[in-house]
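Visitor: here is the input, now give the coordinates:
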Amino acid sequence: MALLLSFLRLVFWEVGVFPLVNGFCCPVPMKSTHIVPNQVGKKIFLFSGRKERCDAAREALKALVPVSIEVDVPFDLHRYIIGQKGSGIRKMMDEFEVNIQVPAPELQCDLITITGLSTNLERAKGGLLDRVRELQAEQEDRALRSFKLVISVDPKFHPKIIGRKGAVISQIRIDNDVNIQFPDKNDDNQDQIFITGYERNTEAARDAIMQIVGDLEQMVSEDITLDHRVHARIIGARGKAIQKIMDEFKVDIRFPQSGAPDPNCVTVMGKPEDWTYCLLQPTASSAMLSCSDAWSVV
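Guide: Modelled structure (predicted):
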């Protein structure tokens, strides 16, 4: 109270009006000020001086009285306004020099109360509503980015779409700013690929994938019987030997996985002209035949 009175005396002095002390006008700031309590326990301040100065003093005093306003903010945004460990709401209170009270979650109430000097309330309200609009825009953007597109692609093409070490699919993701998920081994629908992002981006990613599928569908696939004991020698260290053959003849050569029904079955896939060229070329033939006496098309 002593600090408040000292501050009030300074305000009154600046406007040229002085509070009454023991019923008399105080011409200079005093160490004590008489404040008369009214019937309901509030304080009544008495001013003495020229009318315009008394009015100015009254307005100055009223401006120092904290007031509260309520702002309608959707309940689902409250936790974002509060921020992590209250950082968001503390920032606004410090910036606008007000107190902001958010109702308890169990109340499910939309009204947020702002308390402070009247000169700060409108700025604080504007800042709060700006934050609400920002959060709503983020919500709308998240909804747009959550568009999901499902395409059906034969599982045999999935490895080529993914590419070596995921290079092909990673580039499609980056180029179109989307998330692309392939089915897990235990999923029922092994042909479904899920693309998530903005609708226009998912469509662009779909087109990129289907372009690869279209190219793959033009290729022919033939199974080659090759003794499984020499597969490792043909593949070479880190797959360098087989990769060289595939790059040179523009074909894809797939070896059976562990536990496959026919461990000797090797699949060669490529465009008809490339596939035939691969088999007829001495380089490819000798590379494989040098490792096995068994080489036949089934």
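Visitor: strands of the stretch 51-200 of the chain, residue ranges please.
Guide: 67-72, 99-101, 111-116, 147-152, 179-181, 192-197 (DSSP state E, counting those that start in this stretch).
Visitor: nearest to residue 122, of those?
Guide: Closest to residue 122 of the strands of the stretch 51-200 of the chain, according to CB to CB: strand 67-72, at 8.8 Å. Backbone N, C-alpha and C define where each C-beta goes, glycine included.
Visitor: what helices and strands are in contact with the helix or strand hosting residue 268?
Guide: Assessed by DSSP states H and E, residue 268 sits inside strand 265-270. Strand 265-270 is packed against strand 220-225, strand 252-254, helix 272-280, with contacts defined by 3 or more CB pairs under 8 Å, 6 or more residues apart in numbering; DSSP states H and E.
Visitor: I'd say residue 115 and residue 99 touch.
Guide: Yes: Residue 115 lies in contact with residue 99 (CB atoms under 8 Å); the separation is 4.5 Å.
Visitor: ends of stretch 103-121, how far apart?
Guide: End-to-end distance for stretch 103-121, by CA to CA, to the nearest Å: 18 Å.
Visitor: I'd like to check what contacts it. Which residues are they?
Guide: The contact list for stretch 103-121 (CB atoms under 8 Å, 6 or more residues apart in numbering) reads 62-64, 66-75, 78-79, 81, 96-102, 124-125, 128.
Visitor: report the buried residues of that stretch.
Guide: In terms of neighbour count (16 or more other CB atoms under 10 Å), stretch 103-121 has its buried residues at 109, 112, 114, 115, 116, 120, 121.
Visitor: quick one: list the elements packing against the helix or strand where residue 234 lies.
Guide: Using DSSP H and E, residue 234 falls within helix 231-235. The elements that helix 231-235 packs onto, with contact taken as 3+ CB pairs under 8 Å, 6+ apart, are helix 240-249.
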